[in-house]
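Asks: Need coordinates for the below:
(2 chains)
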Amino acid sequence: MNLQDTLTTVEQKLDITKKIKIYLCGVTVYDESHIGHARTIIVFDVLRKYLESKKVEVDFVQNFTDVDDKIINRATKQNVTAEEISSKYIENYFRDFEQLNVKRATNYPKATEHIEDIIEFIKKLIDKEMAYVTKNGVYFAVSKFSEYGKLSKKKVDELQSGSRIQIDEAKNEPADFAVWKFSDVNPTWDSPWGRGRPGWHIECSVMSIKYLGESFDIHGGGRDLIFPHHENEIAQSEACTNLPFAKIWMHVGMVTISGEKMSKSLGNTKSIKHVLENWGPNVIRLFCLSGHYSKVIDYSEEMLKENLIKWRQVETCYYELIHAESENHEKNTKDIEKIGIEFDNSLESDFNTHLALSAFFQLVKETNRLAAEEKLTKELAQIIKKEFERMTNILGLNIPEMTQDKKHEIDNLIQNRERLRKEKQFEEADKIRGQLNEMNIELIDHKERTIWMKKEKIQSEK
RNA sequence: GGUACUCUGGCAGAACGGUUAUGCGUGAGCCUGCAAAGCUUAUACAAGGGGGUUCGACUCCCUCGGGUACCUCCA
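Replies: Residues are numbered from 1 along each chain as shown, chains lettered A, B, ... in the order given. You can find the predicted model right below:
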C-alpha cells in the first residue's frame, strides 16, 4: 500500500505484512464534534478496516486532549470543573461516532491520565538541554532542533511570530513553545519545576510513544494540525529519542462550508449530531469518502442529496440480493472479482476512496440491473453479496436489520396487495403500498414478483 | 508577505504525452395498472489565462491569475 507522506512529500510504501501502528490526533473535548472531525475520523476508520480486512493487525490509538485553555475557559464560564466539561464531550463523542459506525480505537489515552509520563518526558528534554525553564513554564528550544520546520516546510526565521498571539517575553526565542505551563487555575499538577499543566503538543508525543513505540507507522490528523501541532510533536519526540518519529504523516483535508473552512472559531460548524438527524450515518460516510482524503470537500445540501440518492441505490442492491431467486441467468455479467480488485487497488494507491466507491457502485448498479431484468439467480446473488458485504464492511456502511415479526407482517401485506392487483383492485392495492410506505418500506415490483426494502429514515428528504 | 495544497462539463471526480472516462443531474423513450426500481439513448464550448517543449499536452516547463489552508486556538 502506498500513502502520500506529508514529510517527504512523496508516496511511501506501507509494509502491510507486519502489524501496523497508527496514531490519530483526536479532538480537544470542549464542544460538540462536527462534520470536519467526522471526516478525518471516518477516513482513518476506513483505512483501519481495510487493513484489518486484509488480516493486518492494527494498533490504532486516538487521543483525547482533555487539558487545554479552551476547556478551562468554558468550565470557568459555566462555573463547572474542567473535568466535567471534558467528560461530557467525551461522552458526546462516543455517542456520535458510535452512530457513525466508527470502530472503537484500540486505546483512547487522555492527557490528564499521563501527567507522570509527561513529566518524565520533559525531564529528558531538559537533561538534553532541549528545553529550559522560565518564570512562565518550561519551553522547548526550537533553535536546538536543527530540523525544525521540516514537516510544514517553514523556516523558523520566516515565521511571523506574534501575528496571532502575544509574544511571551520570557522565552528565549519567539518560536519556542511551552511543554509545561505554570498555573494555579485548576486543573494543575505538581512538577519538579512548579505547579501547572502540560502544554499542547506534549501529550501526543508522550502518549504515542508510550503506546506505539518511539517509531511507528502512521501519524495522522487534519491538515490544520501540520503546524504547529505536528511540527512540534516531531521536534519534541525526535529530540528526545533521536529516532524518526512516524514513518508516514497522513493529513486529511478540511471540510469547507460555502467554500470556507468549517471551524469552531468561525462558528460555521455543522455538528455531527445535527447532520446525523438530517441525513443519517451512511449518507455522511459516503459524503466524507467521496473525495480524495487529502483534498478539501465542500459541505452542501446538494452534495448530501447526491449521496442520499447513492445510498438508496445501495439499499436497493442489498434487498435485491437477499430476495434474489431468478431462474434465468445472464452470461455476460460483469466480472465481480475484477470489481473487487479494482476496489482494493484504489485503496492501495494512496487510499483513493473516491475510486474505491466507484468500483463499489459498479457492483451496485450491475446488481440492480440484473435484478430489474430478472436475471439475478440465487447463486450469483450469493457471490455478489459476499463481495458487497466485504466492501460495505470496509466502508462502514450499515443496513439496519429487521425483526422476523416485521418481516412476516410485510410479507402478508404484500401478498394481500398482490391478490388485489390480480383482481385489478388497484385503489385498494395502492392503499397497502401507502401503508407500507408509512413504515418506510418501499416495494419494488418485478415482472413476476414484488420485493420490499426497508429505507433508512432520512429527514431531509422532505 | 511566506509556505503547502488546489483549479477538468450544471455539480462531483478520473486517466502511462496520443482513445468518448465515469457518477449525479437534466431531456426523450422503454418497462409498469400507476408509481418506485431498473433499462436504453441523448445532453456537456470540459480543461483558470497566456506562453513554451513536442509530430501531438489535461498530463512536462515557464509565467500570470483564482481558491483553500497554515504562519503558535483548530480535525
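Asks: Can you tell me what sits against stretch A:79-99?
Replies: For stretch A:79-99, contacts defined as CB atoms under 8 Å, 6 or more residues apart in numbering pick out A:27, A:29-33, A:38, A:41, A:64, A:66-67, A:71-72, A:74-75, A:78, A:110, A:112, A:186-187, A:272-273, A:276, A:281. To be clear about C-beta, it is placed using only N, CA and C from the backbone, and glycine gets the same treatment.
Asks: Give me the subset of the residues you listed that also touch RNA strand B.
Replies: residue A:27 (CB under 7 Å from any atom of the strand).
Asks: Could you tell me the phi and psi values at residue A:64?
Replies: Residue A:64 adopts backbone torsions of phi -110, psi 120, taken as degrees, to the nearest 10.
Asks: ok, for the residue in the stretch 51-200 of chain A positioned nearest to RNA strand B, nearest residue in space, not its chain neighbours?
Replies: Closest approach between the stretch 51-200 of chain A and RNA strand B, counting by CB to the nearest atom of the strand: residue A:175, at 3.0 Å. Distances taken as CB to CB, 6 or more residues apart in numbering put residue A:142 closest to residue A:175, at 4.4 Å, once the chain neighbours are dropped.
Asks: The one you found: how many residues sit nearby?
Replies: By other CB atoms under 10 Å, the residues close to residue A:142 number 23.
Asks: wait, isn't it in contact with residue A:156?
Replies: Yes - counting by CB atoms under 8 Å, residue A:142 touches residue A:156, with 6.0 Å between them.
Asks: show me where chain A has helices.
Replies: Along chain A, counting by DSSP state H, helices occupy A:35-53, A:69-78, A:82-99, A:115-127, A:202-212, A:231-241, A:272-288, A:301-323, A:336-348, A:353-372, A:378-395, A:404-422, A:426-438.
Asks: So the third one, near RNA strand B or not?
Replies: Spelled out, that is helix A:82-99. No - using CB under 7 Å from any atom of the strand, helix A:82-99 stays clear of RNA strand B, coming no nearer than 10.2 Å.
Asks: partner residues bridging residue A:442?
Replies: residue A:453 (DSSP bridges).
Asks: Throw the helices of chain A into a markdown table and include mean neighbour count and distance to residue A:3, thanks.
Replies: Listed next are the helices of chain A as a markdown table, based on neighbours: other CB atoms under 10 Å; distance: least, CB to CB, whole Å:
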| stretch | mean neighbour count | distance to residue A:3 |
| --- | --- | --- |
| helix A:35-53 | 23 | 9 |
| helix A:69-78 | 16 | 31 |
| helix A:82-99 | 18 | 23 |
| helix A:115-127 | 18 | 28 |
| helix A:202-212 | 24 | 17 |
| helix A:231-241 | 23 | 17 |
| helix A:272-288 | 22 | 18 |
| helix A:301-323 | 18 | 25 |
| helix A:336-348 | 17 | 10 |
| helix A:353-372 | 20 | 13 |
| helix A:378-395 | 17 | 16 |
| helix A:404-422 | 14 | 43 |
| helix A:426-438 | 14 | 45 |
